[in-house]
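Visitor: Predicted model follows, preceded by the sequence.
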Amino acid sequence: MATGGAGPDTDFFGSENYQDQNDELTVLQSIFEDKMTILSEATPDDPESIHALQIRIPVNLAGDNVKIEAWLPIETDMTHTETLCSNTGNGRPNLCRSDSGRRWHSTFTLAQLTPLEMNVSFPVDYPGCAPPIFTLSCQWLDGTQLSALCRQLDAMWGEMPQQPIVFTWVDWLQNETICFLGLENGVVMTPHIEQDADFLSTIDPRALPMSCDLLQAIVTILRYNMMYEMEKFQKENHDCGICFDNRPGREFYRINGCFHHFCHDCLAGYCHTHVSDGTVQLLTCPDIDCKNPIPPNIARDVLDDKDFVRYERLILQKTLDTMEDVDYCPRCNMVVIKELDSSKLAHCVACFYSYCTGCREPWHQGTKCITAEEKLEELEKLRTDEQNEDAKIIAEKLRKYLIHEKLTKRTIQDISVPCPGCNVRIEKAMGCNYMTCKCGVHFCWLCQKQIRGYDHFGESCDTFTIVDTARPQPMVREYPEGAQEVKNILSLHPERRKYLKNCPTCHQKNLKQNNNNHLKCWCCNSNFCFLCGQRIVGKITLHFTVQSGCKQHTE
């Protein structure tokens, strides 16, 4: 083992060794740059100082990838490690129990290993008589393998005595480590085991393995590999999978899991479209047949604050809608968790309302749910009660509401079918019987079975239905009279389009007539001002004053 001498004396700073060390240090700095850190320098101001440095040596692989085989105790939690492996370009690890059942066995491939770390200090008699003092550290080599490297470096000093040797050592470690240790077919990592004194005596004290905590070592290696692949990707040019433009890698987003890449502009438009349409459940990788979801961090980057708030709200809403134990309070519309038992009881913690999830009425322990027909019968009795005028008015309003709700539900049942995936009802307006729901499920309009392609049609179901006798045809929606009037006026006088104003209540388009800035919405009958767009409540003329700045009549 190489050993150094005593600290520098005053003669050392004027010696040839000191000059050679300074020259070598300068050369190493220019070659390795950010891969090298100077820990200390020998200066005449401090007679005890010496040159010390750390070099991180990236090891060249025998091929494009290296296989890692890890053995860990069965009590090890591999969740974090598996997650990191899934974010590498080589896919998820092959994780299983060993034959004995006492250890985890995992194999995965990486594009780059963590670098060797070499700490070097120059004794006063280097390079004239003694070699540098060094230690070797590594995440994926054990003490025996590092000891073999230390002995090889000693042998190289013996072949080249009295010469600057550090660069030669680093170059050999970078290019020959894998072949010298016979790791061309892969690296095997095993847990650190306390050894007896006889075994430890064979380990070179300069060999400092960093794999005592094997799980942490694997996590470090995986993170380094992810950073290496991302840096490599950003330095190269790539073709966008949407617009097919060739751009630098820094202008792309790379989706974890599948590693398909798309330029910033295309992915921003793609995400904005799905958020605007409310189809965030379909916000997956744009590549054909790829179902990897767009990560939230990418959505955060490409969406503005308003769209991202909508994105988060829709994601939460869609997630809650898929949970069978989630309901919504009929009073305040807050999320309610259903009781675990078989009862239909639900209790809202926001407004403290206990209700039945079957009929949406207040909780009725031990009694059946009241149907819509039974409610109408009770309201009819109240309506005919001549002694209570208030009850008659309320009953009449509720009766009309229930009749409307009943007819609405019946109409929905007649003209729509439930999606077999998300159970949302879908209406067919025209076209063939191949339906595609916003949740991504494809199904047949006639039998409501999930299908893939048009092979389903021709045997039991027809592709097109000229006269659908199985269910009523979709209702033809009539164009509202007020909207039709606005449309007719604009068709005759297109220059009057500048007099359109959206109602602040229902957002329907209304047209200013003559010079009057007071508009009354044809849809909801709300009064509002054409100039400021605000709704007018109360006396109309009180809005058009000098204080408000709005005149009732303008050109």
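Guide: That came through, no problem.

Visitor: Could you use CA atoms for every contact and neighbour count after this?
Guide: Fine.

Visitor: Please pull up the helix or strand immediately following the one helix or strand residue 273 maps to.
Guide: Here residue 273 is covered by helix 264-277, with elements defined by DSSP states H and E. As assigned by DSSP H and E, the chain's next helix or strand after helix 264-277 is helix 296-302.

Visitor: Helix or strand with the lowest mean pLDDT in the protein?
Guide: Within the chain, no helix or strand scores below helix 79-86, which has a mean of 50 by mean pLDDT, DSSP states H and E.

Visitor: follow-up on the earlier one: pull out the buried positions in the helix holding residue 273.
Guide: 264, 266, 267, 268, 270, 271, 272, 274, 275 (16 or more other CA atoms under 10 Å).

Visitor: got it, and stretch 336-345?
Guide: Quick answer for stretch 336-345 (16+ other CA under 10 Å): 336, 337, 338, 344, 345.

Visitor: could I have it exported to PDB, CA atoms only?
Guide: Output of stretch 336-345 as PDB, limited to C-alpha atoms (Å, rounded to 0.1, in the frame of the first residue of the first chain):
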ATOM      1  CA  VAL A 336     -70.500  12.700   1.300                       C
ATOM      2  CA  ILE A 337     -69.100   9.400   2.200                       C
ATOM      3  CA  LYS A 338     -71.700   6.700   2.400                       C
ATOM      4  CA  GLU A 339     -72.100   4.500   5.400                       C
ATOM      5  CA  LEU A 340     -70.200   1.200   5.300                       C
ATOM      6  CA  ASP A 341     -73.300  -0.900   6.100                       C
ATOM      7  CA  SER A 342     -76.000  -1.900   3.600                       C
ATOM      8  CA  SER A 343     -78.300   0.900   4.700                       C
ATOM      9  CA  LYS A 344     -78.800   4.000   2.400                       C
ATOM     10  CA  LEU A 345     -78.000   6.400   5.200                       C
END
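
Visitor: Number the residues from 23 up from this point.
Guide: Fine by me, first position is 23 from now on; the one you just mentioned is stretch 358-367.

Visitor: Go ahead and name everything in contact with it.
Guide: With contact meaning CA atoms under 8 Å, 6 or more residues apart in numbering, stretch 358-367 is reached by 347-351, 368-371, 376-380, 385.

Visitor: Can you report how many residues lie near residue 389?
Guide: 7 (other CA atoms under 10 Å).

Visitor: for residue 393, that is, sorry about that
Guide: Neighbours of residue 393 (other CA under 10 Å): 9.

Visitor: what's the answer for residue 72, then?
Guide: So residue 72, with other CA under 10 Å, has 20 neighbours.

Visitor: Would you agree it is in contact with residue 60?
Guide: No: counting by CA atoms under 8 Å, residue 72 stays clear of residue 60, with 10.9 Å between them.

Visitor: In TSV: the buried residues of helix 286-299, plus pLDDT.
Guide: Output for these, formatted as TSV (pLDDT from 0 to 100):
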residue	pLDDT
286	92
288	92
289	92
290	92
292	92
293	92
294	92
296	90
297	91
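
Visitor: Now tabulate those residues in CSV and tack on distance to residue 46.
Guide: Formatted as CSV, these follow (distance: CA to CA, whole Å):
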residue, distance to residue 46
286, 46
288, 51
289, 50
290, 51
292, 55
293, 54
294, 57
296, 60
297, 59
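
Visitor: any low-confidence regions in the stretch 323-472 of the chain?
Guide: Residues of the stretch 323-472 of the chain that meet the criterion pLDDT under 70 lie in 363-364, 394, 398, 401-419.
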